[in-house]
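>>> Please work out how this folds:
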Amino acid sequence: VPKGHCVIFADKNRMNFDIDNLVLISRAELLVMNRKKLFYDDPNLTKTGVLIAKVFDSISKKRKRGSKHV
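Okay, here's the model as predicted:
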């Protein structure tokens with residue numbers, strides 16, 4: 001697992017090590033997922049939550065970069 005990232009279980013079942021159930025995300029994305037409650041028992045919904053977290057994280061990073069140049 002690369003530095004600054006973690007692996008989550010898409011169906012929240014920590015005993016299910018099926019490769020399709022494991023998702024690599026950044027720590028920043030994990031923070032968004034926890035704050036916005038984007039973890040679900042349904043793995044497809046959690047994977048959609050990961051995509052939403054990526055969008056929020058990307059927006060946050062762009063805002064931070066934009067404010068430095070003002």
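>>> Run through the neighbouring helices and strands of the helix of greatest length in the chain.
Using DSSP state H to define each element, the chain has its longest helix at helix 43-68. Packing partners of helix 43-68 (3 or more Cβ pairs under 8 Å, 6 or more residues apart in numbering; DSSP states H and E): strand 22-26, helix 27-35. C-beta: built from backbone N, CA, C; applies to glycine.
>>> Tell me which residue lies nearest the centroid of this structure.
In the chain, the C-alpha nearest the mean C-alpha coordinate belongs to E29, at 3.7 Å (Cα atoms, centre = their mean).
>>> isn't it right up against V55?
No: in this structure, E29 is not within contact of V55 by Cβ atoms under 8 Å, at 9.8 Å.
>>> Show the low-confidence segments of this protein, by residue range.
Low-confidence segments of the chain (pLDDT under 70): 67-70.
>>> Which secondary structure state is assigned to V7?
Secondary structure, DSSP: H, G, I helix; E, B strand; the rest coil: V7 is strand.
>>> Next up, the contacts around it.
By Cβ atoms under 8 Å, 6 or more residues apart in numbering, V7 lies in contact with 1, 22-25.
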